[in-house]
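Colleague: quick one, fold the following:
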Amino acid sequence: MKLNDTYEPVIGLEVHAQMLTKSKAFCGCPATFGDEPNTNVCPVCLGLPGALPVLNINLVEYILRMGLAVGCRIAPKSIFARKNYFYPDLPKGYQISQYEEPICQDGGLEIDTEGGGKKRIGIIRIHMEEDAGKLIHDVDADTLVDLNRCGVPLIEIVSAPDIRSPREAYQYLHKIRQIVTYLGICDGNMEEGSLRCDANVSVRKKGETSYGTKTEVKNMNSFRNVERALEFEINRQIQLIERGGRVVQETLLWDANQNIASPMRSKEEAHDYRYFPEPDLVPVAVDEKWIQKVKADIPELPTLRRDRFVIELGLPTYDADILTAEKGIADYYEEALDALGRITGNGSAENAKALSNWVMTDVLRVVSEKKLDIHQFPITPDNLAAMIGLILDGTISGKMAKELYEEMMRSGEHPKVIIQKKGMVQVSDASAIEKVVEEVLDANKQQVQKFLNGNEKVFVFFVGEALKMMKGKGNPKIVNEILKQKLQALRD
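Modeller: Predicted coordinates:
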């Protein structure tokens, strides 16, 4: 959707990431997704009288990882607040959150812009909070309440209003997802709601510095829906202003089926919640020793890993982007690369592209089609490396490798075991290949004459006939070399 280029959007994103802790934020109930409704609850997460919350230390550990990964300043002391509002899925009538004194502030991350450059998007704050429950609207117009999600630990990542296009918003959200999954603190699944995004959107004429009236867009459950919803809302605001109307501060819900955002509620003020200090929880104290310990445990992050793949392995940026998009894929690739280096005796750079081609095409095709986690992929990194090693040393041809790959997918066996069973070894014996080439040339004298008369396209025919006679087991490189020698001899 083309946007009116006399205006520019001003976008800020609020991203909620559900933490991969085993238990909830302030009680011992399981934080698992998909269990029977209202089974993972207790007096604390139900807000029953006299039940007191106890902070899950892993929630603090996880938010510190995220804050340090995006360069935030870590507050030595942060406090919790009660975010008060009434809704049927909130039995306590408030969420425990952070307001005036969040634990992480003043960070940022870099995204790739549409023009090929880099842009820093500021992160104002990252704070801890608990999730609310879930309302389920059934076909009989009844509304059911599942409170399993009450108290599930979240972090909220609030960006600065630095985003200037729906595409930049997509890139920023993608980078956030990459970071939280690399850190192992969130699975990043937007469809299941473990990564959720709300957007604050306003527009202004290009060159203006003051902000327009903003709206909030919710219910965007995929990266593509974030982009589409923002395109819709930006155009809606521009068209409204162009007609002489006025943007009203309100919350809108995105409907992916109809591709429209509809008003949910109006907002008279910037904050429609009331915050009070949480009296049942002490402040969170983080000392320098704790910060340094968390820093030491942070893995190599996606941007650094991508740059290393380009600089050290000589991979094209396109390859490196795909291979490092998911931590599991990048880990699989590097494990296979190490194994291939042991097999071939070559350094990583010599093997990197050959392996990259297989992972990006054949491996990721299967993972995508079958909706597998890379850990469920039946070919281990060692076995994939062993197969590519057999291609590189001439034991099998590229065509044979495709057949071998499919058999490895079915059985999970080592490629050498399958080759032995099926007799798939490539023939590289020059004398055996020479004999076949001579037979091909003797049987196709007419085509030989065409070649000698200048029709060099016939050469491909000879190669095909030789490989056919050898049932695909002939080494194509040696077949080509011997054919060239024989045909040159006939010319001479």
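
Colleague: quick one: secondary structure of residue 289?
Modeller: helix (DSSP: H, G, I helix; E, B strand; the rest coil).

Colleague: that one and residue 340, how far apart?
Modeller: Relative to residue 340, residue 289 is positioned 41 Å away (C-beta to C-beta, to the nearest Å). Backbone N, C-alpha and C define where each C-beta goes, glycine included.

Colleague: also residue 36?
Modeller: From residue 36 to residue 340 the distance is 46 Å (C-beta to C-beta).

Colleague: name the residue in the two with the higher neighbour count.
Modeller: residue 340 (25 against 8; other C-beta atoms under 10 Å).

Colleague: in what helix or strand does that one lie?
Modeller: Using DSSP states H and E, residue 340 sits within helix 327-344.

Colleague: cool, and residue 10?
Modeller: strand 7-18.

Colleague: packing partners for that strand?
Modeller: Applying 3 or more C-beta pairs under 8 Å, 6 or more residues apart in numbering; DSSP states H and E, we find strand 7-18 packed against strand 153-159, helix 166-183, strand 195-205, helix 223-242.

Colleague: mind checking those for the one nearest to residue 421?
Modeller: Nearest to residue 421, of all the helices and strands packed on strand 7-18, is helix 166-183, at 38.8 Å by C-beta to C-beta.

Colleague: the closest one - what's its average pLDDT?
Modeller: In this model, helix 166-183 carries a mean pLDDT of 96.

Colleague: what residue ranges in this protein score low on pLDDT?
Modeller: Where the chain drops to pLDDT under 70, the residues are 1-3, 139, 265-272, 424-429, 492.

Colleague: can you list the domains in it?
Modeller: What automatic domain parsing lists as the domains of the chain is 7-290, 300-422, 430-491.

Colleague: most packed of the helices and strands packed on strand 7-18?
Modeller: Most buried of the helices and strands packed on strand 7-18, by mean neighbour count (mean count of other C-beta atoms under 10 Å): strand 153-159, with a mean of 24.

Colleague: and that strand with helix 166-183, angle?
Modeller: 140 degrees (axes from the mean of the first three to the mean of the last three C-alpha atoms, to 10 degrees).

Colleague: list the neighbouring strands of strand 153-159 plus their orientation.
Modeller: strand 7-18 (antiparallel), strand 118-130 (antiparallel) (DSSP bridges).

Colleague: residues in contact with it?
Modeller: 12-19, 21, 24-25, 31, 56, 58-59, 62-63, 66, 97, 121-131, 172, 176, 185 (C-beta atoms under 8 Å, 6 or more residues apart in numbering).

Colleague: rerun that using 6 Å as the cut-off
Modeller: 12-19, 21, 25, 59, 63, 121, 123-129, 131 (C-beta atoms under 6 Å, 6 or more residues apart in numbering).

Colleague: same check, this time on stretch 81-101
Modeller: 46-47, 78-80, 127-130, 132-133, 135, 145, 273-278.

Colleague: mind checking which of the residues you listed are in helices?
Modeller: residue 46 (DSSP state H).

Colleague: for PyMOL, write the select line for the buried members of the contacts of stretch 81-101.
Modeller: Of these, the buried ones can be selected in PyMOL as follows, counting by 16 or more other C-beta atoms under 10 Å:
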select buried, resi 46+47+78+79+80+127+128+129+130+132+133+145+278
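
Colleague: count residues in the vicinity of residue 297, would you?
Modeller: By other C-beta under 10 Å, neighbour count at residue 297 equals 12.

Colleague: whoops, residue 422 was the one
Modeller: 12.

Colleague: quick one: it and residue 411, what's the gap?
Modeller: In terms of C-beta to C-beta, residue 422 sits 11 Å off from residue 411.

Colleague: tilt between the strand holding residue 10 and helix 223-242?
Modeller: Going by the same axes, to 10 degrees, strand 7-18 makes 140 degrees with helix 223-242.

Colleague: any idea whether the nearest residue to residue 148 once chain neighbours are set aside is helix, strand or coil?
Modeller: Excluding its sequence neighbours, the residue lying closest to residue 148 (C-beta to C-beta, 6 or more residues apart in numbering) is residue 40, at 4.5 Å. What three-state DSSP gives for residue 40 is coil.

Colleague: give me the phi and psi for residue 40.
Modeller: With angles defined as degrees, to the nearest 10, residue 40 sits at phi -100, psi 60.

Colleague: what's the local residue count around residue 445?
Modeller: 9.

Colleague: do the same with residue 65
Modeller: When counting by other C-beta under 10 Å, one arrives at 21 neighbours for residue 65.

Colleague: report the separation between it and residue 27.
Modeller: 22 Å.
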